[in-house]
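Engineer: what's the 3D shape of this:
(one chain, ligands or ions: 3)
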Amino acid sequence: MPATACGTIGIETLRSGSIDSGENPYADVDSAVEESDGGDGGDGGDGGGDNAPEITTFFQSEVDAGIRFDLVADDLDDDLDGGTASLVCGTHQELYDWPDGLQFDGSNFVVWDSDLFAREQQHTCTAKVTDRSGNDSEPVTAEWYRDVFTVTTSEVGDSPADVESIGEIETPAELTGDLVSTGGYNSGSALVYTGDQDRIKFRVADSATYELTLRWSSSSDFDLWLYSEGGAELAYSITTTATETITYSLVGGTNYIVVVNGWSGDPGSWELRIE
Ligand SMILES: [Ca+2]
Ligand SMILES: [Ca+2]
Ligand SMILES: [Ca+2]
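Structural biologist: Numbering: from 1, shown residues only. Ligands and ions are numbered 1, 2, ... in the order given. Prediction:
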C-alpha cells in the first residue's frame, strides 16, 4: 500500500488550460446531451466531448479520520468537470459529483468511515469516473488488506495505581508487552504476584461477549486477570498451560483493566488478543 501521498481527487490536468484561454468549460454539455438523445451515445460524434477519461492513480490508506481514497483522473478533451466519480467497496458505494463532491475537509480526497472495513480482511474497491458527456473510464480496482488493531504497551509500575490507559480499542485487537520479571506464591486461597505486572486500561465500543487470549513465547507461566476500573475482580485465567483465555461480556464505553502477571519462569514478551 502506498504511504500517504500527494495524490488528489479533483485534478483534471487539462482543465486549467481551458479556463485560462477563456473558453466556456461547459460548452460541450448541450451538444453532448443532444447526441445522447439522438441515440448516438457518448462515444460517437464530432470530436468534442467524446474522449473517455482515464484514472491514473487510485489507492486507499488508513488515516485517523477513517479510510482515505486518493483518486486522480485525466481527460484529454477536458470535460470531466461536471461528471461523476463512483467508489465501490464490497456492498457499499458512493457517487460523487466531479470535482466538487470529492472535497473532504477542504482537501481533495474523500474519507469513508472505517467501520465499513472489517479488520483482518481483504477489501476490493473499484473506482470509475464519468465525464459530463457520459463517457466512462475503465474501472480501476485496488486490493487492500486491513490489518488487526495493534497496541504496544509500555512498562509501568506494578502497584494497582500504575496503569497504562490505551483508550478505546477496535477489535480484533492485539496488545503486546513485556514482563521484565516473574514470581509469586500462594497465600491461603489467594495468589500473590511478586514479579512484574502489566496493567492496561481499555474499553470497547460495543457491548458483547469478548474473548481475551494471552500468549507468550517462553516456557514460563504467565497469568491473565480482568478487573473493573474500580478494581473489582471480574475474571481470571491461571492455568499452567502456555495460553490463558478469559471470556467475558464487556459493556461498551466502560473501562476495564486487564493485568498480565508472570507467575514463574523466565520473563519475556506477551501478546493479548481481544476479539
Ligand atoms: Ca512489563
Ligand atoms: Ca509493570
Ligand atoms: Ca498461567
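Engineer: domain parsing for the protein?
Structural biologist: As given by automatic domain parsing, the domain ranges for the chain are 15-146, 149-274.
Engineer: Tell me which of those domains sits nearest to ligand 2.
Structural biologist: With CB to the ion as the criterion, ligand 2 lies closest to domain 149-274 of these, at 4.6 Å. For every residue, glycine as well, the C-beta is placed using N, CA and C.
Engineer: Tell me how far that closest one lies from the chain's centre.
Structural biologist: 25 Å (CA atoms, centre = their mean, to the nearest Å).
Engineer: which stretches of this structure form helices?
Structural biologist: 15-20, 29-37 (DSSP state H).
Engineer: Report the separation between the two terminal residues of stretch 83-92.
Structural biologist: End-to-end distance for stretch 83-92, by CA to CA, to the nearest Å: 20 Å.
Engineer: and for that stretch, what are the contacting residues?
Structural biologist: Where contact means CB atoms under 8 Å, 6 or more residues apart in numbering, the residues beyond stretch 83-92 that reach it are 9, 53, 69, 71, 73, 93-98, 101-102, 110, 112, 116-117, 123-133.
Engineer: Can you pull out the low-pLDDT segments for the stretch 51-200 of the chain?
Structural biologist: 103-108 (pLDDT under 70).
Engineer: coming back round to it: of all the domains of the chain, which one comes closest to ligand 3?
Structural biologist: Evaluated with CB to the ion, the domains of the chain place domain 149-274 nearest to ligand 3, the distance being 4.3 Å.
Engineer: can the closest one be found next to ligand 3?
Structural biologist: Yes - against ligand 3, domain 149-274 shows contacts by CB under 5 Å from the ion at 221, 223.
Engineer: Number of residues surrounding the residue lying closest to Trp112 once chain neighbours are set aside?
Structural biologist: Counting by CB to CB, 6 or more residues apart in numbering, Trp112 lies nearest to Ile67, which is 4.8 Å off, once chain neighbours are set aside. The number of residues packed around Ile67, counting by other CB atoms under 10 Å, is 21.
Engineer: Show the contacting residues for Ile67.
Structural biologist: Applying CB under 8 Å, 6+ apart to Ile67 gives the contacts 60-61, 111-114, 116-117.
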